[in-house]
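Undergrad: Please find the sequence and the predicted model below.
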Amino acid sequence: MARPHIMFVQTQMIPWSKNFYGNARTDVEFKMLSQDDNDGSSTCVIRYSPGWSRRTPEHLLTHEEFFVLDGAIEINDRLYEKHSYGFLPAGYIRDRTASYDGAVLLTMFYGVPTLGLVATTTTFDPKLLVEYVNPLAMEWDPGLVDPQLSRGVAIKPLRTNPYTGETSFLYSSPPHRTPPGMAKPQWTHPMVEELYTIEGDYVWGDLGRMQRGGYCWWREDIYHGPAGTDTGYNLFVRTINGPLVNTFDTVKKPFSWNPTHQPILPLELAPYGQPLPPTPNY
Ligand SMILES: [Fe+2]
């Protein structure tokens, strides 16, 4: 079935696993965040051990999108350091891949990660390729944010699929962004929205305090919120099945800085639904 609604799980609570599905990355450790049984697509955190490498050319039969959470990985002599990003379409050849000191990547496969037959002349769709983005060299753009959302937030675009409008971007908020009067309508989207909390706290009035490592697969037309942030945050956001559209309810709901922790999780993630212990700054 399609992927279930996940709002939200702290990745830190999920243990590392071995024996990754497909035949392309059988020698990594991973945490599965969400997986579609029908098309084989998934979102996971992959850990490449120090010295991991592929010395001969290879390509996948599916797209691979990634954001480096920690460490660094080298693909075709380009070093992807912490917080860099790539979207490598199906058929894109990796002549050499290596991680010298290890790396942890948030990774999205668009199907089962299967190796293609060895060939030096595969083709890929160049319109989908985003070979390398270094967000640290980009400016935050508040002009890209939906004007329905409150001011102060900003975006760094990573890619937009020219055929579907599906998009991936970083979304940041400064601290102390509070719903006015501590109440605001909930909202949703007609497409799936995937979120990974890179840093900071994102407080859901209805779900609890999502902290760094928090992950969501927000299904279509399910209302959540209101939300606020005391610390500020930096999120990786991806839309699935269409461009980003926000739909707001009309009824205001109350917001609190200490909402009850009550995530909505599928059976396979339910054992890992605990909140992160707080980490005081004093
Ligand atoms: Fe959204």
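TA: Alright, I've got the coordinates. Residues are numbered from 1 along each chain as shown.
Undergrad: what about residue 19, neighbour count?
TA: 9 (other CB atoms under 10 Å). C-beta here means a position set from N, CA and C on the backbone, and glycine is covered the same way.
Undergrad: Then residue 41?
TA: Per other CB under 10 Å, the neighbour tally for residue 41 reads 20.
Undergrad: excluding its backbone neighbours, what's nearest it?
TA: Nearest residue to residue 41 in three dimensions, chain neighbours excluded: residue 110, at 5.2 Å (CB to CB, 6 or more residues apart in numbering).
Undergrad: domain assignment for the protein?
TA: The chain is divided into the following domains under automatic domain parsing: 12-134, 151-265.
Undergrad: And the ones you listed: which comes nearest residue 279?
TA: Nearest to residue 279, of all the domains of the chain, is domain 151-265, at 8.4 Å by CB to CB.
Undergrad: mean confidence for the closest one?
TA: Domain 151-265 comes out with an average pLDDT of 97.
Undergrad: any idea how far that domain is from the chain center?
TA: What separates the centre of domain 151-265 from the centre of its chain is 12 Å, taken as CA atoms, centre = their mean, to the nearest Å.
Undergrad: so how far is the first residue of it from its last?
TA: End-to-end distance for domain 151-265, by CA to CA, to the nearest Å: 31 Å.
Undergrad: Make sure residue 157 is indeed in a helix.
TA: No. Under DSSP: H, G, I helix; E, B strand; the rest coil, residue 157 falls outside any helix and is assigned strand.
Undergrad: Might one say that it is in contact with residue 169?
TA: Yes. Contact criterion CB atoms under 8 Å: residue 157 and residue 169 qualify, at 4.9 Å.
Undergrad: Give the intersection of the neighbour lists for these two.
TA: Residues touching both residue 157 and residue 169 by CB atoms under 8 Å, 6 or more residues apart in numbering: residue 144.
Undergrad: Quick check: closest non-adjacent residue to the residue nearest to the spatial centre of the chain.
TA: By CA atoms, centre = their mean, the mean C-alpha position of the chain lies nearest to residue 196, the distance being 4.2 Å. Closest residue in space to residue 196, ignoring its immediate chain neighbours: residue 236 at 4.3 Å, by CB to CB, 6+ apart.
Undergrad: Would you agree residue 132 is in contact with residue 88?
TA: No. Between residue 132 and residue 88 there is no contact under CB under 8 Å: 9.9 Å.
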